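Trainee: Structure for the following, please:
(chains A and B)
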Amino acid sequence: MPEKQNFIKKQILEYKSRKRVRLSRSLGGTIMIFIFLAVVGAFMILPILYSIVQSLKPINEIFAYPPKFFVRNPTFDNFRQVLRLTDNLYVPFTRYLANSVGISVIGTAVYVVIASLTAYPLAKVNFPGVVVLSQIIVWTLLFRQEVTAIPQYIVIAKLGMVDTYWAILLPAMSGTMGVFLMKQFIITAIPDATLEAARIDGAGEFRIFFRIVMPAVKPAIMTLVIFTFQSMWNATGVQYVYSEQLKMLPSVLQTLAAGGIARTGAGSAVGVILMIPPILVFIISQSSVMETMSHSGLK
Amino acid sequence: MKKNSNVPLARRIKKNSVYYVMIAPFFLIFFLFIFIPVISAVVLSFTSFDMVQLPEFTGFDNYIRLLFDDEIFLKALQNTLIFAVVTGPVGFLLSFVVAWLINELNPALRKFITLVMYAPTLAGNIYFIWQFIFASDSKGLANSVLSSLGILQDPVNWLTDAKYSFAVVIIVLIWMSLGTGFLSFVAGLQSLDRSYFEAAAIDGIKNRWQELFYVTLPQMGPQLMFGAVMQISTAFAVGSVNQALTGFPSSNYSTHTLLLHMLDYGTVRFEMGYSSAIAVVLFILMMASWLLVNKVLKKYSEN
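Mentor: Numbers count the residues shown, from 1 in each chain, chains lettered A, B, ... in the order given. Have a look, this model is predicted:
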């Protein structure tokens, strides 16, 4: 017996040493790569850092000449000013915030459920129409909401939804990206045999969905949460809504940004408040997002 | 999945009725807010419609007017094509190159760089900050830096001077171009089978470039397709960045696009038929470029 174990050990060692094949890499190439990444990375991150810096600048530093990239006496005045903007805005700042949080949270929760419910049969069942519907899902990835805005407005007007929360919520839940990603994930994440076994045991399809499918696709759920939340959180709501009390937080940013350089500080403060939630959610769920995206290929 | 075509369709539908219930909520919303709008845009593009009276059939009038009687449309079409042809491929290539270069880094560093590169997309509306970087007076960061380096004598009107505003918008669009497709590339490269690379190294692959063209790219077909769809959908929907930075309408319509032209006629002038015709032009452009890219990528991955 120990002989056999030794043999296996040797095999494993040999296999491991074989795994260590050196891929050809030159030092010069590696240095070039790091320089390139540093340049592109700086281009990506500096404007974002600049907006954070601007949000912390006191008014005299914002108007300083020549402008400095860094802040000398950081202050939270701009953030306080945003909260006090009630006087200039028609409705209080907190109303926009509540709209944004409410719409994003409810919309994300509902979308994740209905998109997963759609993805499961598309991925695993051969029902009449499944091929056509799957094709429609892929082709629709081409159409961002901006592109269909005008015809969409006509439909929303006909449904009598203009200037209601529905006009923000429902179009935001009509995208096919989430269904597509969830479908791709379910195809490989859940073996057909598992589903067959559950059906033989007499489980209904909804039961299978909630008990077997949903627990097995947690990474994809996290990914749908971050993508959906991100797009809803960044929506202004101004397209189909005119009443100020229904608008969302980014519309405040638009108002402030239009105010020119005098509003730089307050505008940056709103910008910073807006970008924190999506970035935090992304950092928390990054591994799940990556796992999901590895199934995103179009065959 | 088995094909059981000998069973009558009606019975198959009945047998699978639970699945139709499952997909119903999403597809109801989808049909109302995407399918019907796209179809009705095609129909309305052949009519004159102001939302008050019933649409009136006018044949190809809207399209004839677009092509022969609307110089601003032609300008918008030209701008959109240039924006799309520049930012689409550049964004696609940049996404892939960055994803490829960070593929072999240690996981923590790769995660960090992924976050940095994806941050402009995550932060959404923060692109307004470019308005202050390229502010026209001497307090703008770009003007101040360039003049202190002695490159500029007088401050430049980056956002209103047609000579520069186009380039500024392109810079910002590229800044935002590492989106969902980029994540797909990073994840796809990570899930490639390492044994192919080792076999290739033994077979005499000499450097990174050979490895890229002979081993990596042929396996990345599906991700490249997905990335292409994402880039096309973003590249042709250009407009909101232009509007935020260079105003609406931009001076001499220098950064005017099809999307903005469509919104102008749809929301300001309420010429819904005409606006729909512009939407249809956009649809056709997107679908045509997707078919083209699809063909090219398929041909490449078959070789």
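Trainee: Identify the residue nearest A:Ile208 in space, chain neighbours excluded?
Mentor: With sequence-adjacent residues excluded and distances taken as Cβ to Cβ, 6 or more residues apart in numbering or on different chains, A:Ile208 is closest to A:Ala198, at 5.1 Å. All C-beta spots, glycine's among them, are computed from the backbone N, C-alpha and C.
Trainee: looking just at contacts, which helices and strands does the strand or helix carrying that neighbour meet?
Mentor: With elements taken from DSSP states H and E, the one containing A:Ala198 is helix A:192-200. Helix A:192-200 is packed against helix A:205-208, with contacts defined by 3 or more Cβ pairs under 8 Å, 6 or more residues apart in numbering or on different chains; DSSP states H and E.
Trainee: Helix or strand next in line after the helix it packs on, which one?
Mentor: Assigned by DSSP H and E, the successor of helix A:205-208 is helix A:214-216.
Trainee: what residue ranges in the chain score low on pLDDT?
Mentor: Going with chain A. Residue ranges of chain A with pLDDT under 70: A:1-5, A:7-24, A:85-89, A:260-262.
Trainee: wrong one, chain B
Mentor: Residues of chain B that meet the cut-off, pLDDT under 70, sit at B:1-5, B:302-303.
Trainee: Identify the residues contacting the residue of it found nearest chain A.
Mentor: Of all residues in chain B, B:Pro222 sits closest to chain A, at 2.4 Å by Cβ to the nearest Cβ. Contacts for B:Pro222 (Cβ atoms under 8 Å, 6 or more residues apart in numbering or on different chains) come out as A:296-299, B:188.
Trainee: if we can go back for a sec, was I right about the residue nearest to A:Ile208 contacting A:Val213?
Mentor: No: judged on Cβ atoms under 8 Å, A:Ala198 makes no contact with A:Val213 at a distance of 9.8 Å.
Trainee: Give me the more crowded residue out of these two.
Mentor: Between A:Ala198 and A:Val213, counted using other Cβ atoms under 10 Å in any protein chain shown, A:Val213 has the larger neighbour count: 23 against 17.
Trainee: Quickly find the element holding the residue nearest to that one when sequence neighbours are not counted.
Mentor: Spatially, and ignoring its direct neighbours in sequence, A:Val213 is nearest to A:Tyr120 (5.2 Å; Cβ to Cβ, 6+ apart). Per DSSP H and E: A:Tyr120 is located in helix A:93-124.
Trainee: from the chain's centre, how far out does the helix or strand just after that helix sit?
Mentor: Remark: after helix A:93-124, the chain's next helix or strand is helix A:130-140, criterion DSSP H and E. Centroid displacement of helix A:130-140 relative to its chain, using Cα atoms, centre = their mean, to the nearest Å, is 22 Å.
Trainee: What count of nearby residues applies to residue 51?
Mentor: No chain specified, so I'll use chain A. 25.
Trainee: my bad, the chain I had in mind was chain B
Mentor: Other residues within reach of B:Met51, judged by other Cβ under 10 Å, total 13.
Trainee: Which element, helix or strand, includes it?
Mentor: Short version: B:Met51 belongs to no helix or strand, going by DSSP H and E.
Trainee: thought the residue nearest to A:Val213 was touching A:Ile187?
Mentor: No: the pair A:Tyr120 and A:Ile187 fails to qualify as a contact (Cβ under 8 Å) at a distance of 10.3 Å.
Trainee: So between these two, which is more surrounded?
Mentor: Neighbour count, other Cβ under 10 Å: between A:Tyr120 and A:Ile187, A:Tyr120 has more, with 26 against 14.
Trainee: Please list all residues in contact with that one.
Mentor: A:Tyr120 touches A:186, A:209, A:213, B:22, counting by Cβ under 8 Å, 6+ apart.
Trainee: Ok, B:Phe46 next?
Mentor: Neighbours of B:Phe46 in contact, by Cβ under 8 Å, 6+ apart: B:57-60, B:62, B:273.
Trainee: can you pick the most crowded of those residues?
Mentor: Result: B:Asn62 is most packed of the contacts of B:Phe46 (other Cβ under 10 Å), 25 neighbours.
Trainee: which helices and strands sit right next to the helix or strand where that residue lies?
Mentor: Take DSSP H and E as the rule and B:Asn62 turns out to sit in helix B:61-69. Helices and strands touching helix B:61-69, as assessed by 3+ Cβ pairs under 8 Å, 6+ apart, comprise helix B:71-101, helix B:272-302.
Trainee: For A:Lys218, find the nearest of those helices.
Mentor: Closest approach to A:Lys218 among these (Cβ to Cβ): helix B:71-101, 24.3 Å.
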